[in-house]
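**Student:** fold the following.
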Amino acid sequence: MDSELRPTLFKLLVPVLVIGIVLVASRRRGLSWSGDLGLTWPGVQPLLLWLAIWALWVAVGEWAIATFGLEQATPWKHHSALVLVLRILAIGCVGPISEELVMRGIVFAQLRRTALRTVGAIVVCAAGWAVMHVQYGWSTWVLIFLDGLILGAARAHSRSLVPPILMHMAGNLFSIYQSLHR
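**Tutor:** Sure thing, here's the model as predicted:
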């Protein structure tokens, strides 16, 4: 087996397993996929609004990275076509779905029922999500926390997990694009 294929398959398998576990566990706990997890279509206008907000935020983030010399997306070394496709699938598509199901699906649904309410749930989920990305430098961590606030606001205001999933995918795919072209 290709030395890069095994870790790439692992990067793909873990989020697939997380998605399966979240869906099965939420069903067993009596959580509604549409109501609690937000697995419902938000409507075209809210979706387009949040995607536009996200595009603007990404532009602001890119400006901040360039202006303040923050950490850039690291270049990807040459990979076989199979590894490249699997990495894009894992990091650009399946990873965001699993992270959003956990943080702005399950965790958000549980926290908003507490004294934290919606705003507290957004902040705690953003902080938890940023901690999940602790492998990056502090400046990137701050940007990820701010990303999390916007993703949480999209989840709360659209009452759907679809906008944050698509926003997260777009952000990761943009980062992959940058990594492939550096």
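
**Student:** any low-confidence regions in the chain?
**Tutor:** 1 (pLDDT under 70).

**Student:** what segments of it are helices?
**Tutor:** 5-28, 44-68, 81-87, 95-100, 108-111, 117-132, 138-158, 162-180 (DSSP state H).

**Student:** sort out which residues of the shortest one are buried, please.
**Tutor:** Read that as helix 108-111. Within helix 108-111, the residues that qualify as buried are 108-109, 111, counting by 16 or more other CB atoms under 10 Å. Placement of C-beta: from N, CA and C, glycine included.

**Student:** residue 150: which of the residues you listed is nearest?
**Tutor:** Taking CB to CB as the measure, residue 150 lies nearest residue 108 of the buried residues of helix 108-111, at 13.6 Å.

**Student:** can you get me a residue count around residue 57?
**Tutor:** The number of residues packed near residue 57 is 18, by other CB atoms under 10 Å.

**Student:** surely it touches residue 147?
**Tutor:** Yes: Residue 57 lies in contact with residue 147 (CB atoms under 8 Å); the separation is 7.4 Å.

**Student:** quick one: residue 37 from residue 91, how far?
**Tutor:** Note on residue 37: its distance to residue 91, by CB to CB, to the nearest Å, is 22 Å.

**Student:** do residue 128 as well
**Tutor:** Distance from residue 128 to residue 91, by CB to CB: 19 Å.
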